[in-house]
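**Q** Below are the sequence and a predicted model; questions follow.
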Amino acid sequence: MKISEVTLLGHKDHGKSTLIGNLLIATGSVSEARINDAKRTSKQLGRKFEPGFILDSFQEEREGGLTIDTTRAQILYNGKAFELIDVPGHEELIKNMMSGASNADFAVLTVSAKNGEGIKDQTFRHLYLAKMLGIRKIIVAVNKMDEIRYDKKKFDDIRSNIRKFLMKIGIQEGNIKFVPISAYNAENLLKKSSKMAWYSGNTLLDLMSKESNAVRKTEDKNLRILIQGYLESSDGRLILGKVISGKVKEGEFVSVLPQNIKSKIIKMYIKGRRSKSSSMGQNVALKLNATIPSGLRGSIIYTIPNSCKPTKAIQALIFSVKDVRARQTLRFNGNSLDCNINVEKVIDTTTGDIVNKPLKPLNAAIATIGLAEPIMAEPFSKSEDLGRFVLYYKKEFSGIGIIL
Amino acid sequence: MIKQNLGELEENSIYVLREAKSRFNNIAALWSMGKDSTTMLALSRKAFLGKVPFPVIHIDNGIDFPETYQFREELTKKWGLNLIVAESKIKPEMSGFSCCGENKTVALKKVMADYGFDALIVSIRSDEHGIRAKERTISPRTRDFKWDYKNQPAELWNDYSSKLDDKGHVRVHPLLKWNEIDIWNYIKQEKIPINPLYYSRNGNRYRSLGCTHCTRPIKSKAAGIPEIIKELEDTKVEEREGRDQDKEKSYVMERLRSLGYM
């Protein structure tokens, strides 16, 4: 069955792991043994039962009361399946948050309404990153309502501030939903809370059900096959690749770019068998009637004619995790390339505003990037696969980018 | 237990297996003759046109079930596998933790060093254990096999860009996204040969398969694959309930994995 990937977002201690823990329990999606293990550890640590321990499995996570790394858990509700992705809320663990959130279909943000907590920089930053990673639909779960006596005004204030921010960064109003909850008491998760009679909307799980058809793929129908490597077979050298968009048939003429090798596909194999045609998402092995040189990993196969041109200069929106330097390594579709980064405008990811400051970690920038070798870049809005990259400085992950 | 789309899981695993073969120079896979690592071999045959193009390693502590050894011989012959048996004879004083932890890990270290493997395919699934759910698809290990789980590499989209320290290796996890029930549905769909210990005999069957010392069967009448699938649809019990090494002490899986266990 189709499983929607849902990433949690939000500041540390605003209840992401607790929420997933109680969603697992409420929907009967977790074994007694795992609940008992979480109960036992809570007791050993002298705390009240912490449902978040169902996900936070590392000793350091449980004792420290934080999520260090991303994890996943599946639930079934009303015939719909979801994979909930827990992510760390701490700033210094943002690379783990990004690893978890990068493929999500939609997001659930938790923000604590408790006095002294409320909207934090990290609340907005996670939303900014989610938008950048291609997530278009956001459910905002205003949490810890039980700790503020279910105060409607506090909920309304948070709603209005977050809505303003989301619309400013380009999320459409119809794609933003709000629900007041208590993750710890499981209020408004599965069952409506009688303590928030002023809230007439859906419970969190019902809101999630409505988003379960959300899809993030934007690829058009044109053929693109990402070349992964080679297979030396009894049939000679085959190209291994993945169809990232469109369709292809045996006998079709194609070109491999940026090398500009034109050839006919003589034979195609899918899952080990000969196949006349293939479609999006399939891994293929191709026999061409041209000589296949080495070094094609990361190149793209298109049909002829096509309008895609190799380029050595791209404009991108980048998010900086560590200091982004002028000369870095850019990873694009499995290849590493040397690049020059020229920052043009810096964006404060907690406000969405352009600021007149140098680019610091945890902020974003519009940049022009020059590459040592040509690549088949496309705008992220047209092809997610060919419109995104990862930045490294030496061996250290330093950020991500999407092509504008 | 949620049944996922087998076609999507299969394509994802093929992609990861091909990525491992394309990225790394000298890869091998662990094969315990259990259902998961046997499914991984079936997926490799799909990815590489009917062949398993890398050696498969059995870490053999000498006390696996007779059925397991027999299954190893039969499938090795049938699929033309390049089998490496890494011996790790268990000693009488060893507990489950020290057998899985030190004994098997020492044997694994030796075989990796002897052959110079830089990547090891391991058929773990994230639904087996909370610690395994924290894993990356491609996950580096240090020279002394440590898993630095507090500082895992970023893994965005399909960019498996883990950098290994020059002396270490990477673990490749092509089955990370599969659920137990998906494995059985796939075994059924593809008619993958399977170790007979999974089928019920005298009211018991093995749901998770280790060696004779640490694995206990579950009560079950499931004598065939459709019955196993039916049983899993209704169960609320953990798959590894019968595996002692998971629960000798708290965080034992975390300690085992951080030391190099599978």
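**A** Received, thanks.

**Q** use CA for all of it now, contacts and neighbours both
**A** Will do.

**Q** Next, residue 187: phi, psi?
**A** No chain specified, so I'll use chain A. phi -90, psi 130 (degrees, to the nearest 10).

**Q** Chain B was what I was after
**A** According to degrees, to the nearest 10, residue B:187 has phi -60, psi -40.

**Q** now do the one 4 residues further on
**A** Residue B:191 adopts backbone torsions of phi 50, psi 50, taken as degrees, to the nearest 10.

**Q** again with residue B:137
**A** phi -60, psi -50.

**Q** Show me which residues of the stretch 1-150 of chain B are close to chain A?
**A** Within the stretch 1-150 of chain B, the positions adjacent to chain A are B:1-5, B:8, B:11, B:14-15, B:18-19, B:22, B:45-50, B:126-127, B:130-131, B:133-134, B:150 by Cα under 8 Å from any Cα of the partner chain.

**Q** and residue A:139, how many neighbours does it have?
**A** Neighbourhood size, residue A:139 [other Cα atoms under 10 Å in any protein chain shown]: 21.

**Q** so how far is residue A:85 from it?
**A** 14 Å (Cα to Cα, to the nearest Å).

**Q** same deal with residue A:336?
**A** 28 Å.

**Q** Which of the two has more residues huddled nearby?
**A** More neighbours surround residue A:85 than the other of residue A:336 and residue A:85, with 26 against 16 (other Cα under 10 Å).

**Q** doesn't residue A:70 make contact with the more buried one?
**A** Yes - between residue A:85 and residue A:70 there is a contact at 6.8 Å, judged by Cα atoms under 8 Å.

**Q** neighbours of the closest residue to residue A:193 other than its chain neighbours, just the number please.
**A** Spatially, and ignoring its direct neighbours in sequence, residue A:193 is nearest to residue A:187 (5.2 Å; Cα to Cα, 6 or more residues apart in numbering or on different chains). Residue A:187: 23 surrounding residues under other Cα under 10 Å.

**Q** Check the one 3 residues further on too.
**A** Burial measure for residue A:190: 17 neighbouring residues, criterion other Cα under 10 Å.

**Q** helix or strand for it, which one?
**A** Counting by DSSP states H and E, no helix or strand carries residue A:190.

**Q** Pretty sure it sits against residue A:208.
**A** No - using Cα under 8 Å, residue A:190 makes no contact with residue A:208, being 10.7 Å away.

**Q** Nearest residue to residue A:48 in space, please, no chain neighbours.
**A** Nearest one to residue A:48, counting by Cα to Cα, 6+ apart, is residue A:42 at 6.2 Å.

**Q** who touches the host helix or strand of the one you found?
**A** If you go by DSSP H and E, residue A:42 is part of helix A:32-44. The set of residues external to helix A:32-44 that reach it, using Cα atoms under 8 Å, 6 or more residues apart in numbering or on different chains, is A:48-54, A:62, B:236-238.

**Q** Now do the shared contacts for residue A:85 and residue A:70.
**A** Common neighbours of residue A:85 and residue A:70 (Cα under 8 Å, 6+ apart) are residue A:100.

**Q** buried subset of the contacts of helix A:32-44?
**A** Buried subset of the contacts of helix A:32-44 (neighbour count, 16 or more other Cα atoms under 10 Å in any protein chain shown): A:49-54, A:62, B:238.

**Q** Please pull up the helix or strand immediately following the lowest-mean-pLDDT helix or strand in chain B.
**A** Lowest by mean pLDDT, DSSP states H and E among the helices and strands of chain B is helix B:96-98, with a mean of 64. Counting by DSSP H and E, the next helix or strand C-terminal to helix B:96-98 is helix B:104-115.

**Q** just to revisit the earlier point, relative to residue A:281, how far out is the residue nearest to residue A:48?
**A** Taking Cα to Cα, one finds residue A:42 at 43 Å from residue A:281.

**Q** how many neighbours does residue 44 have?
**A** Since no chain was named, I'll use chain A. If we define neighbours as other Cα under 10 Å, then residue A:44 has 11 of them.

**Q** hm, I was asking about chain B
**A** 23.

**Q** isn't it right next to residue B:52, touching?
**A** Yes - in terms of Cα under 8 Å, residue B:44 counts as a neighbour of residue B:52; the distance is 5.6 Å.

**Q** Please name the residues that touch residue A:97.
**A** Each residue near residue A:97 by Cα under 8 Å, 6+ apart is listed here: A:69-70, A:87-89.

**Q** Please repeat the previous calculation with a cut-off of 6 Å.
**A** Neighbour list for residue A:97: A:87-88 [criterion: Cα atoms under 6 Å, 6 or more residues apart in numbering or on different chains].

**Q** With only the CA atoms kept, save the helix or strand hosting it in CSV.
**A** Residue A:97 belongs to helix A:94-101 when assigned by DSSP H and E. C-alpha atoms of helix A:94-101 as CSV (Å, rounded to 0.1, in the frame of the first residue of the first chain):
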residue,chain,number,x,y,z
ILE,A,94,20.6,19.9,11.8
LYS,A,95,22.4,17.6,9.3
ASN,A,96,20.5,14.6,10.9
MET,A,97,17.2,16.6,10.7
MET,A,98,17.9,17.2,7.0
SER,A,99,18.7,13.6,6.4
GLY,A,100,15.4,12.5,7.8
ALA,A,101,13.2,15.2,6.3
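
**Q** which stretches of the stretch 1-150 of chain A form helices?
**A** Remark: helices assigned in the stretch 1-150 of chain A by DSSP state H, counting those that start in this stretch are A:16-26, A:32-44, A:59-64, A:94-101, A:121-132.
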